[in-house]
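Asker: With the sequence up front, the predicted model follows.
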Amino acid sequence: MTMVTAERRVVAPGAGTLVASVLGTVLVSYIALATAKGQSLDERGLRAVQVDRAGLVTLLSVLGRVSIGTVVAVCLVCAAVALVRGSGRLAVAAVVVVGGANVTTQALKHVLLERSDFGIVAANSLPSGHTTAVASGVGALCLVAPRAIRGVLALFGAFAVTLVGSSTVVAGWHRPSDVVAALGVSLAWTALASLVVGGTRRPLRGLVVAAGVGAVVATAALVVLGVRPAADTSTPVQVCLVYGVLGVAAALTVALMERVSPTQVDPAQP
């Protein structure tokens, strides 16, 4: 049986999560882009696994479903749910989370961030656009979802974020740090939106467990699809470390998105 705790304001957890996610994203970006050790570890993580052709085709099919159209559809669904719940502010906040996170990711990747030259010839790909699209969508859904379905949302949200984020690394599109930075950007925008909207929440225990289960199932799905340690460049321990970190990061991100999202919005001021 799910236990419910006392109602709380979202300001404190929202502010703390916003600061932590921004600082975490800055730190990950600095290590991955501006240090030789960080770039080296990132490259090893990128090349840690291999997958057969059939598995790769499946993963690319999954990634191909993440598009501008998908982002727009998520925005429309979130706005509709919020309006059904009688909150225009939540509808606007959900759209702002998705739009803000994705614009921020593209600005960071293409304008603001550069990789230092340590002999690894590669363009900057941090943060991951695909991961941001999915994670920001989950954050928007967390903001507007009724409390009754928050546990299910944590499970499926973490599954989706882990599967897409890890798949971008398996496919060779992104390095692990790209995924983690995208999670930080999405979480920051979700926390910021919760602060602006305000309100209270009645937390449900077990959300971290639900998110963790979703991440584990997604990682297991990659194994079923044929993802294996690369024979010449990694060991099973290294692979478990890389994809374990991605799974934990995704699960914690979704759990924190749930934690900062109000279940009851303050009435609009006249």
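Answerer: Sure, I can see it. Numbering: from 1, shown residues only.
Asker: From here on, just use CA atoms for contacts and neighbour counts.
Answerer: Will do.
Asker: could you say what helices and strands the one helix or strand in the chain whose mean pLDDT sits lowest packs with?
Answerer: One helix or strand of the chain scores below all others by mean pLDDT, DSSP states H and E: strand 8-9, with a mean of 74. Contacting strand 8-9 under the criterion 3 or more C-alpha pairs under 8 Å, 6 or more residues apart in numbering; DSSP states H and E are the following elements: strand 200-201.
Asker: Quick one: residues in contact with the strand it packs on.
Answerer: 7, 8, 9, 10, 261, 262, 263, 264, 265, 266 (C-alpha atoms under 8 Å, 6 or more residues apart in numbering).
Asker: Among those, name the buried ones.
Answerer: 8, 9, 10, 261, 262, 263, 264, 265 (16 or more other C-alpha atoms under 10 Å).
Asker: would JSON lines of the residues you listed with distance to residue 93 be doable?
Answerer: Output for the buried ones among the contacts of strand 200-201, formatted as JSON lines (distance: C-alpha to C-alpha, whole Å):
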{"residue": "8", "distance to residue 93": "20"}
{"residue": "9", "distance to residue 93": "17"}
{"residue": "10", "distance to residue 93": "15"}
{"residue": "261", "distance to residue 93": "11"}
{"residue": "262", "distance to residue 93": "12"}
{"residue": "263", "distance to residue 93": "14"}
{"residue": "264", "distance to residue 93": "14"}
{"residue": "265", "distance to residue 93": "12"}
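Asker: Look over these and name the one with the lowest pLDDT score.
Answerer: Scanning those for pLDDT, the low point is residue 8. It has 72.
Asker: is it true that that residue touches residue 202?
Answerer: Yes - proximity of residue 8 to residue 202 meets the contact threshold set by C-alpha atoms under 8 Å, at 6.3 Å.
Asker: re the thing from before, just name the closest of the contacts of strand 200-201 to residue 158, please.
Answerer: residue 261 (15.7 Å; C-alpha to C-alpha).
Asker: just to revisit the earlier point, out of the buried ones among the contacts of strand 200-201, who's nearest residue 16?
Answerer: Taking C-alpha to C-alpha as the measure, residue 10 is the one of the buried ones among the contacts of strand 200-201 closest to residue 16, at 10.2 Å.
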